[in-house]
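**Q** 3D, please:
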Amino acid sequence: MSIDLGSQFMKIGLVKPGMPMEIVLNRESHRKTHSIVAIKGEERAFSDAAAAAGIRTPDQTYMHLVDLLGKKFDNPIVHLHQKRFPFYKTRPDDNRGTVMFETKSGEHYSPETLIAMILSEARKMTEKFAEQPVKDVVITVPPYFNQAERRAMAAAAELAGLNLLQLVNDNTAAGLNYGVFRMKEFTEKSQTLLIFDMGATKTTATIFEYQIVKDKSSSEKYPQMTTLGVGYDRTLGGLEISLRMRDHLLKALREAKKFNVEVADSPRAMAKLFKEAERIKQVLSANVDHIAQIENVHEDYDFRLKVTREELIAMNEDLFERVKQPVLDALKMAEMSVDQVDQVVLLGAGTRVPKVQEKLQAALGGKELAKFLNTDEAIAMGAVYQAAHLSKGFKVKKFVAKEINLFPIQVDFKKQAEKEEEEVDKPRIIHRVIYGHKAPYPAKKMLTFAKHTKDFEFALNYGDLKFMSAEQLSHFGELNISRVDLTGIAEAIAANEGEGVEFKGVKAHFRLDDSGIIHVEATEVVIERPVKEEESAFASIAGKISGFFSGKEAEKDGEDKDKKDEKQPAEGEEKKEEKVEKEEAKKEETDAPTREDKKEDADKDKKDKKKKKDKKEEKSSKSDDSPKADNTTETANKTVEVKPQTVKVPLKVEESSMDIVNMTDSERKAARKRLSDFDNAEAEKAKREGAQNALEAFVYDMGDKLEQEEYQSLSTEEEREEINKQLNIVREWMDGETGPDTKTEEFEERLKTLKTATKEVFYRRDQATDRPRAVEAITQMLNHSSTFLRGIRNLTADLQIFTETEMNVLEKLVNESQAWWDEKREEQEKLKGHEKPAYTITDVAEKVKALDREMKYLLNKAKYAKPPKAKNTTTTSNATKEETGETTEKSEKETADSDAKTDSATEDAEQKTEEDEQKTEESPETPEEQPEEQDAGDETKRATDEEPTDERIEL
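**A** Prediction:
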């Protein structure tokens with residue numbers, strides 16, 4: 001599944017076997033769902049129910065939570081949220097410094113916990129829609145999310161019990177949706193696309209490049225999408241336009257009437273104004289004016305006001321002027337001009353405002369604004385394609401999407417002092433950029449600390465952010481990501497001391513994963529030590545033998561693995577960057593970052609390999625012109641060069657977050673328990689409501705049925721009085737004694753009592769309903785079996801394939817069944833509806849099955865048995881021609897009659913078999929299991945094979 005988690009709405013995509021990618025419908029059968037959760041005591045509400053609760057109890061309905069992820073309480077974005085929604089009671093978290101929502105009951109919820117509730121509800125909706133469990137998910141996030149924000153979203157997914165496959169940027173998901181359905185349109189010539197997305201709280205502009213590329217190793221061609229530039233505005237969106245319209249309505253309301261209680265102090269009144277402002281904004285996108293009207297907006301006052309589009313534009317003029325800036329930033333980052341952009345596509349509900357389109361078109365030099373992407377669903381559909389690609393259960397067409405890192409990440413550490421007395425002075429800080437601005441990811445990097453022989457620490461921080469505006473920097477948050485402490489270095493070096501041992505440095509391995517989150521994967525001390533003579537001789541022999549058989553393959557595999565580890569995007573730029581860093585490192589210190597492409601051995605090892613390879617090539621070239629004996633002598637005199645042994649000792653790593661402290665284990669455990677308590681309470685509530693509804697439905701339904709003529713004929717007056725008495729007791733109990741505290745078991749117990757009291761009436765009704773079908777079934781079976789019996793009795797001796805015992809068994813069964821049926825049918829005709837029936841549906845079913853089983857046995861024998869052929873004798877007597885002709889004619893006639901009878905019997909048997917097979921699903925015996933002769937024991941055997949039947953068997 002995929003979740004396009006917007007600030008105001010979320011859309012859910014689903015892909016499963018046998019079903020194309022599609023949007024999940026929520027409980028109200030809508031294709032988009034409010035990203036809202038309402039909490040009141042032990043009850044929660046989502047989607048439309050939560051939106052409705054936002055009018056009644058806005059202070060208990062939490063919305064626009066995505067903007068608060070990974071931000072400290074003093075962040076300007078948090079202050080803006082408090083200004084927009086002043087009725088929330090918030091405070092800083094004592095441990096993490098993030099936002100905490102406080103409820104009336106005194107409970108506190110973090111944004112991660114509240115979003116986990118929304119994600120969990122999305123999962124429940126998806127599982128109901130898919131009719132199977134779903135755990136794997138791809139969640140979209142804005143491209144400007146930093147490390148703290150991405151970790152917070154990943155934590156929310158974990159709390160919701162989801163297996164997060166990837167956090168994909170929402171602009172990338174939209175680009176994927178555009179590309180995967182247009183693969184055939186792409187060529188080796190690149191084409192560019194600008195996607196402008198204005199949502200509820202943010203605006204982004206992204207430039208993508210599409211083209212067909214060729215894999216160097218396999219020569220495979222496939223489409224590729226590369227992100228070239230991104231521009232964004234965190235606070236520009238449709239929400240701000242709606243809030244300004246709300247303030248406009250508030251001002252007019254204050255002028256229209258003077259209230260005892262200030263309107264702004266009433267959360268309910270402000271929620272009503274905001275809801276109407278949202279509606280007015282949408283209507284004015286297509287109309288020049290409209291009437292705003294709210295019933296009982298405040299203190300029983302009905303409010304009406306005419307609003308025009310000109311007024312909407314005037315109150316948001318400064319916002320419309322900001323529309324162009326994200327586009328300009330994206331072009332600057334991509335190092336492109338407007339003319340180089342092939343197409344511009346609109347996305348997001350905010351782009352429906354005509355003034356936004358006008359300003360955007362002016363910024364793009366009058367370019368046409370395309371609208372062929374689904375504004376609401378494009379992101380979710382692109383993300384679900386990525387989810388299918390990442391899942392092991394699906395195979396999709398190859399489409400490479402190259403993400404870029406917006407905010408550079410660097411490693412800061414203290415320079416190792418040459419002498420101990422130098423440590424007293426202020427140490428110099430070395431900065432090494434490992435993931436630069438616009439660097440592709442996912443990617444792995446390695447950094448070598450060549451002179452650090454003691455325990456030390458380094459910091460992961462953001463690099464140069466001069467490309468960001470002052471406002472963007474203020475919204476960004478902390479510039480420090482984490483601090484990493486490495487311990488055990490001196491001990492590792494001491495444990496490997498010896499003659500010829502060389503310290504090669506401390507290596508740290510980093511990974512920027514698919515979600516754009518950085519990890520310190522491993523750290524180790526690298527030491528080289530010489531190999532002993534005995535080990536050298538053995539290693540050289542073993543190396544020759546293994547190299548003879550697998551040298552080429554291993555070398556080839558190593559090269560392929562290296563190529564696989566290296567990420568092709570911007571490879572030249574990365575190598576250039578590393579080269580610059582290495583040159584700087586030589587001037588300052590030998591510590592320098594390198595690619596993690598299996599370059600973990602020293603440079604000396606590379607040179608040794610190169611020398612060996614050159615010698616092998618030289619030797620190979622000489623062997624073509626030299627005699628074999630000379631070649632042997634040369635090989636014998638050659639000295640084998642042995643590499644030193646590389647020892648890697650893992651270090652203990654302790655990483656501490658510096659931006660936003662991650663949730664502790666105890667905090668995560670407490671959050672999961674709270675979510676589990678909500679789930680259990682809601683499941684119990686649903687079960688209780690189901691039991692209550694079932695009891696109420698039975699009481700009203702049964703009371704109505706007792707008045708119907710059908711049920712009156714099937715029950716006595718005393719029975720109806722007793723049932724009505726029980727129903728009245730339950731009615732009085734439900735009207736006067738039940739309440740929210742009534743347990744589920746009480747409803748279930750009373751329903752069980754009522755069903756016991758009405759069991760006999762419903763039994764008679766079922767019997768009366770099914771009796772006509774039973775009568776038809778046994779009548780047809782008796783007719784068919786009797787006809788079949790007469791047919792096989794009339795067969796001549798030379799055509800007879802059944803034994804006398806078999807025919808007697810069938811005849812006895814038919815006669816007994818006919819006699820039983822005549823007796824029971826006559827008895828039933830004399831009975832009334834409320835009396836015990838003379839026979840049950842089960843009795844009829846047993847008789848029908850017995851006859852059907854015997855008939856199938858004989859019909860199967862008729863199918864595969866071959867009757868003996870009539871013998872044609874030739875006479876050589878002196879009979880007359882007339883006698884001979886008469887005899888021949890008679891013989892042919894008898895043969896024809898016999899064949900006709902056999903064919904008729906066989907056709908009747910086959911027809912009867914087809915009819916019987918439609919009435920029962922019992923499998924016939926195979927021909928191999930048919931005995932040629934049947935004795936009296938077969939009847940007993942068939943009787944014991946009979947299976948028990950249900951009361952209401954399908955006939």
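
**Q** Helices of the stretch 351-500 of the chain, start to end?
**A** Using DSSP state H, counting those that start in this stretch, the helices found in the stretch 351-500 of the chain span residues 354-363, 378-390, 470-476, 489-495.

**Q** closest one to residue 687 among the ones you listed?
**A** Taking C-beta to C-beta, helix 378-390 is the member of the helices of the stretch 351-500 of the chain nearest to residue 687, at 32.3 Å. To be clear about C-beta, it is placed using only N, CA and C from the backbone, and glycine gets the same treatment.

**Q** Name the residues that touch the closest one?
**A** Here helix 378-390 makes contact (C-beta atoms under 8 Å, 6 or more residues apart in numbering) with 1-4, 11-15, 21, 23, 136-140, 165-166, 168, 170, 172-178, 180, 347, 374, 394, 396, 399, 401, 514.

**Q** how about a cut-off of 7 Å?
**A** Helix 378-390 has contacts (C-beta atoms under 7 Å, 6 or more residues apart in numbering) with 1-2, 4, 11-15, 21, 23, 136-138, 140, 165-166, 168, 170, 173-177, 180, 347, 394, 396.

**Q** Please apply the same query to stretch 448-468.
**A** By C-beta under 7 Å, 6+ apart, the list of residues contacting stretch 448-468 reads 407-414, 416, 433, 437, 473, 476, 479-487, 489-490, 493, 503, 505-507, 518, 589-592, 594.

**Q** and with 6 Å instead?
**A** Here stretch 448-468 makes contact (C-beta atoms under 6 Å, 6 or more residues apart in numbering) with 407-408, 410-413, 416, 433, 479-485, 487, 489-490, 493, 505-507, 590-591.

**Q** again, but for stretch 765-781
**A** Under C-beta under 6 Å, 6+ apart, the answer for stretch 765-781 is 714, 821, 837, 841, 844, 847, 848, 851, 955.

**Q** Averaged pLDDT, that stretch. What do you get?
**A** Stretch 765-781 comes out with an average pLDDT of 92.

**Q** Tell me the secondary structure at residue 249.
**A** With DSSP: H, G, I helix; E, B strand; the rest coil as the basis, residue 249 sits in helix.

**Q** before we move on, back to that, restricted to strands, list the contacts of helix 378-390.
**A** 2, 4, 11-15, 21, 23, 136-138, 140, 165-166, 168, 347 (DSSP state E).

**Q** filter these to the buried ones?
**A** 2, 4, 11-15, 21, 23, 136-138, 140, 165-166, 168, 347 (16 or more other C-beta atoms under 10 Å).

**Q** contacting residues around residue 477?
**A** 71, 75.

**Q** So, low pLDDT: which residues of the stretch 201-350 of the chain?
**A** For the stretch 201-350 of the chain, no stretch is flagged by pLDDT under 70.

**Q** Please enumerate the strands of it.
**A** 203-214, 221-233, 289-298, 301-308, 343-347 (DSSP state E, counting those that start in this stretch).

**Q** Those strands: which one's closest to residue 317?
**A** strand 301-308 (14.5 Å).

**Q** list the buried ones in that closest one?
**A** Neighbour-count burial for strand 301-308 [16+ other C-beta under 10 Å]: 303, 305, 307.

**Q** same deal with stretch 653-666?
**A** In stretch 653-666, counting by 16+ other C-beta under 10 Å, buried: 657, 658, 659, 660, 661, 662, 663.

**Q** Dump that stretch to CSV, keeping only the CA atoms.
**A** Extracted C-alpha coordinates of stretch 653-666, given in CSV (Å, rounded to 0.1, in the frame of the first residue of the first chain):
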residue,chain,number,x,y,z
VAL,A,653,29.7,3.1,18.5
GLU,A,654,27.4,5.3,20.6
GLU,A,655,25.3,7.7,18.6
SER,A,656,23.3,10.6,20.1
SER,A,657,20.8,12.7,18.2
MET,A,658,21.5,16.4,18.4
ASP,A,659,18.6,17.8,16.4
ILE,A,660,15.5,15.9,17.8
VAL,A,661,16.0,13.2,20.4
ASN,A,662,14.5,10.0,19.2
MET,A,663,11.7,8.4,21.3
THR,A,664,13.1,6.2,24.0
ASP,A,665,12.2,2.5,24.2
SER,A,666,10.0,3.2,27.2
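
**Q** Other residues contacting it?
**A** So stretch 653-666 is contacted by 70, 96, 148, 155, 478, 480-485, 520, 523 (C-beta under 6 Å, 6+ apart).

**Q** could you flag which of these are buried?
**A** 70, 96, 148, 155, 478, 481, 482, 483, 484, 520, 523.

**Q** what's the nearest residue to the fifth one if we skip its chain neighbours?
**A** Spelled out, it's residue 478. Spatial nearest neighbour of residue 478, excluding adjacent residues (C-beta to C-beta, 6 or more residues apart in numbering): residue 659 at 3.9 Å.

**Q** Which among the strands of the stretch 201-350 of the chain is found nearest to residue 49?
**A** strand 289-298 (21.1 Å).

**Q** got the angle for that closest one vs strand 301-308?
**A** Per axes from the mean of the first three to the mean of the last three C-alpha atoms, to 10 degrees, the angle that strand 289-298 makes with strand 301-308 is 160 degrees.

**Q** Can you spell out which helices and strands pack onto strand 289-298?
**A** Using 3 or more C-beta pairs under 6 Å, 6 or more residues apart in numbering; DSSP states H and E, the elements in contact with strand 289-298 are helix 267-284, strand 301-308.
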